[in-house]
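Q: Everything below, folded, please.
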Amino acid sequence: MKINVPNALTFFRIVLIPCFVGVYYLPHTLVNQTLMNWIGAGIFLFAAITDWLDGFFARYLNQTSKFGAFFDPVADKLMVVAALLVLLELDRVNAIISLIIIGRELSISFLREWMATIGKPGRMAVMFIGKLKTTLQMIAILMLLYYDNIWFVNVRWLGNLLINVAALLTVISMAYYIRIAWPALRKSIKIR
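A: Numbers count the residues shown, from 1 in each chain. The predicted structure follows:
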């Protein structure tokens, strides 16, 4: 595998994950909670920007690859799972919401992989609802990590609202992807 700009950005995003999680385990005598929130939200925002940049550079520099197409979503899911686990430990997100989002991410990833092994990877391409879900999820997670009000905006309330909407879209998009894969699933496990 050749390291190109998009793949380097994806690797960098994975390296950011332990840095992001580690911020929340720093002693409170060294860093107070507000500063942790700023740093954690900043790292998460930077990771989200690198996610956008690796896709941009892959297209702009014509450096798309099968490895990048597989590895980029894995890096995204790892970052989202790490953020949700941190938010869960900080009691800023509901366990059921976290399980819905993490469960969907894992299920659809496995389903995409399985569809690729049977020669039907294009059937599981990312759809608009998946992109909308991801966008709302990333904004919600960023707000819940930051957690302080910005002027008159109640960031906690808005972050909770958006994460709940993202969880609803998560269920809808999962049902959509399962419906697409259902004929192949039914044929594979011989359901009548």
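Q: Need the pLDDT of Leu16.
A: Leu16 carries a pLDDT score of 94 in this model.
Q: Find the nearest non-adjacent residue to it, please.
A: Take Leu16 and drop its neighbours on the chain: the residue closest to it by CB to CB, 6 or more residues apart in numbering is Ala47, 5.0 Å away. Where C-beta positions appear, they are placed from N, C-alpha and C, glycine not excepted.
Q: my guess is that neighbour contacts Cys19, does it?
A: No: the pair Ala47 and Cys19 does not pass the contact test of CB atoms under 8 Å, sitting 9.6 Å apart.
Q: Have a look at those two and say which one is more surrounded.
A: Ala47 (26 against 13; other CB atoms under 10 Å).
Q: got any ranges where this protein has weak pLDDT?
A: Scanning the chain for pLDDT under 70 picks out 1, 120-126, 190-192.
Q: how does it divide into domains?
A: 1-91, 93-192 (automatic domain parsing).
Q: next one: the helix or strand containing Ala175 to chain centre, how far?
A: Assigned by DSSP states H and E, Ala175 belongs to helix 155-189. Distance, stretch centre to chain centre, for helix 155-189: 13 Å (CA atoms, centre = their mean, to the nearest Å).
Q: Hmm, Val93 and Ala167 touching each other?
A: No: contact criterion CB under 8 Å: Ala167 and Val93 do not qualify, at 9.5 Å.
Q: Run through who's touching stretch 63-72.
A: Met1, Lys2, Asn4, Val5, Pro6, Asn7, Thr10, Asp51, Asp54, Gly55, Phe57, Ala58 (CB atoms under 8 Å, 6 or more residues apart in numbering).
Q: now the residue nearest to Leu16: how far from Ile96?
A: Separation of Ala47 from Ile96 (CB to CB, to the nearest Å): 25 Å.
Q: which residue sits closest to Arg156 in space, ignoring its chain neighbours?
A: Here the residue nearest Arg156, using CB to CB, 6+ apart, is Tyr147, at 5.9 Å.
Q: From Glu105, how far out is the one you found?
A: Remark: distance between Tyr147 and Glu105 (CB to CB) = 23 Å.
Q: What of Asn164?
A: 17 Å.
Q: These two - which one has more neighbours?
A: Set Asn164 next to Glu105 and count neighbours by other CB under 10 Å: Glu105 wins out with 21 against 16.
Q: Many thanks, have a good one.
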